[in-house]
Structure formats: C-alpha cells, structure tokens
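Visitor: Need a 3D model of the following:
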Amino acid sequence: MPPGGVRKRLQAARSEVDRVCGMLVWAAPDEWNRTTTVLESAVTELAEARRRAAEAPTDPDALVEAWKLRKSLRRAGGLLESAAQLQNGWQRTFGTLAGGYTSSGEPGQPLYQHRLCVQA
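Guide: Okay, the predicted model is just below:
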C-alpha cells in the first residue's frame, strides 16, 4: 500500500464511525441497523492496520489516525451501551405498567398480542 494509504483508509473509517455516532444520538432506532455494517468495517480496518504495523514500519500519522479511530469506536460503543440501558429501562417500565409485578417483586412481562383486522 502506498505511503499514507493506511492513514487515508483509517481517516475514512473514522469519518464514517463519527457519522454513525451522530446517528446513534439523533436517529430513530429503526435506522440503527445501518450502523452495524459501518462499525464492523471500521473494526476490520483497525485490525488490518494493526497487522500491517506489526509486519513493517508504519507511518507515524497512520498510528495517530488509528488511535483516533479507536477512540471513535469506543464512543460508538458507549452510545450503544447507553441505548441498550435505555431500552431495558423502558421495557421494565412498560412491563410494570402492562404486566404488574411478579410474586418476587420484579416487573411482570406484558403479553404482546398480535392482532389482525380484516375488513371486507
């Protein structure tokens, strides 16, 4: 790979991860599915850069960019963790409101019923 090629690839991956972080903060949950491909690709890019660095001397700027990408990935991970905690909290709240409490004092699980309405 030409000098600076690794750095440019890492920069592009970081740019995409930062865009995904914005989506995780502002987008609707159904849009989050698109984030997994970007995050997986960025992790792969970081692993590839690490492999290349172990094989041969690496551009110092590429190492800095790898560190920035890693930092962005950690931010994305924190956002995903927060989203999971928020979802779990809402499930507990909804379970309590819709299903009451179990005999052990835990929120009950609401019965999700799928309904079909057909009009002729």
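Visitor: Off-centre distance for the helix or strand where residue 23 lies?
Guide: Take DSSP states H and E as the rule and residue 23 turns out to sit in helix 5-26. Put simply, helix 5-26 sits 12 Å off its chain's centre (C-alpha atoms, centre = their mean, to the nearest Å).
Visitor: Repeat that for stretch 46-56.
Guide: From the chain centre to the centre of stretch 46-56 is a distance of 23 Å (C-alpha atoms, centre = their mean).
Visitor: before we move on, back to that, give me the contacts around the helix holding residue 23.
Guide: Applying C-beta atoms under 8 Å, 6 or more residues apart in numbering, the contact partners of helix 5-26 are 31-32, 34-35, 38-39, 41-42, 45-46, 49, 52, 58-59, 61-62, 65-66, 68-69, 72-73, 75-76, 79-80, 83. Yep, even glycine has a C-beta here, placed from its N, CA and C like the rest.
Visitor: Kindly provide the distance from the residue nearest to residue 34 when sequence neighbours are not counted to residue 99.
Guide: Nearest non-adjacent residue to residue 34, counting by C-beta to C-beta, 6 or more residues apart in numbering: residue 23, 7.4 Å away. Distance, residue 23 to residue 99, using C-beta to C-beta, to the nearest Å: 32 Å.
Visitor: Looks to me like residue 105 is in a strand.
Guide: No: per DSSP: H, G, I helix; E, B strand; the rest coil, residue 105 lies outside any strand segment and is coil.
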